[in-house]
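My questions are about this predicted structure, shown below with the sequence.
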Amino acid sequence: MNEFFAAFSFNEIFKATMVLFAVIDIIGSIPIIIKIKETSGDIHSSRITLVSLVLMIAFLITGESLLMLFGVNVESFAVAGAFILFAMAIEMIMGVELFKETPMKGKSAGIVPLAFPIIAGAGSMTTLISLRAEYEMVNILIAILINMAIVITVLRLTRRIERLLGPGGVAILKKVFGIILLAIAVKLFASNAASLFVK
């Protein structure tokens, strides 16, 4: 219990929450959510959020062990993650498509592609491992829970949020978080790249 409170940090929770929020980009995904609702009917926000939560926590806990099986350390993965975050930031800022996803139809449309890969996709998984190199596990777990609370809220209030922000508001918000994500990618690279060259 003492170790838990010693590791607990509001500063780390805030930073990890903002990083995950920028990567998940649930606000920027509102047009996609609306499209899925129109083509597949109503979506199950609770189920989608639960699946996303399980995937992210599972990867946070076992991700490092999986990397060790391939002989990759956290620092190396963090640097690789920095490149992924950089590419995602360029997508958000420039409005280009670097990551192409295959759309799914039918009963899996709610889980795929919302839970995976939009919410708990490659970007989120890479970010979680990268955060492990920077922050304590408990703070990242809390950051995940905060983001899942935001996700389920957005999923339930998608139409209202879109009307409130308007197309221009969503676009501006996406670019702002793109710039933040770009800065995070640069910092993540700078913090871990040096360790790759130290024997």
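On my side now, so go ahead.

Provide the secondary structure category for Lys187.
Classification of Lys187 using DSSP: H, G, I helix; E, B strand; the rest coil returns helix.

pLDDT at it, what is it?
The predicted local distance difference test score for Lys187 is 79.

Check the spacing between it and Val19 real quick.
Here the distance between Lys187 and Val19 works out to 10 Å (Cβ to Cβ, to the nearest Å). C-beta: built from backbone N, CA, C; applies to glycine.

Which one of the two is surrounded by more residues?
Using other Cβ atoms under 10 Å, the more surrounded residue of Lys187 and Val19 is Val19, with 26 against 14.

dump the residue contacts of the nearest residue to Ile26 once chain neighbours are set aside.
Computed as Cβ to Cβ, 6 or more residues apart in numbering, the closest residue to Ile26 that is not its neighbour in sequence is Val154, at 4.7 Å. Listed by Cβ atoms under 8 Å, 6 or more residues apart in numbering, the contact set of Val154 reads Ile26, Ile27, Ile30, Ile33, Ile161.

Among those residues, pick out the one closest to Ala149, please.
Using Cβ to Cβ, Ile26 is the member of the contacts of Val154 that sits closest to Ala149, with 10.9 Å.

Three-state assignment for Leu55, please.
Three-state call for Leu55 (three-state DSSP): helix.

ok, and the closest non-adjacent residue to it?
Sequence neighbours aside, Ala120 is the residue nearest to Leu55 in space, at 4.0 Å (criterion: Cβ to Cβ, 6+ apart).

which residues touch the one you found?
Going by Cβ under 8 Å, 6+ apart, Ala120 touches Val51, Ser52, Leu55, Met56, Phe59.

One more: Leu55?
With Cβ under 8 Å, 6+ apart as the criterion, the residues that contact Leu55 are Ala115, Phe116, Ala120.

what does the model give the second one for pLDDT?
Looking back up the chat, that one is Phe116. The confidence metric pLDDT takes the value 75 at Phe116.

any idea how far the closest residue to it other than its chain neighbours is from Thr62?
Leaving out its chain neighbours, the residue that sits closest to Phe116 by Cβ to Cβ, 6+ apart is Leu55, at 6.3 Å. Separation of Leu55 from Thr62 (Cβ to Cβ): 11 Å.

likewise Ile43?
Taken as Cβ to Cβ, the spacing of Ile43 relative to Thr62 amounts to 28 Å.

Those two: who's more crowded?
The residue with the greater number of neighbours, taking Ile43 and Thr62 and applying other Cβ under 10 Å, is Ile43; the counts read 19 against 10.
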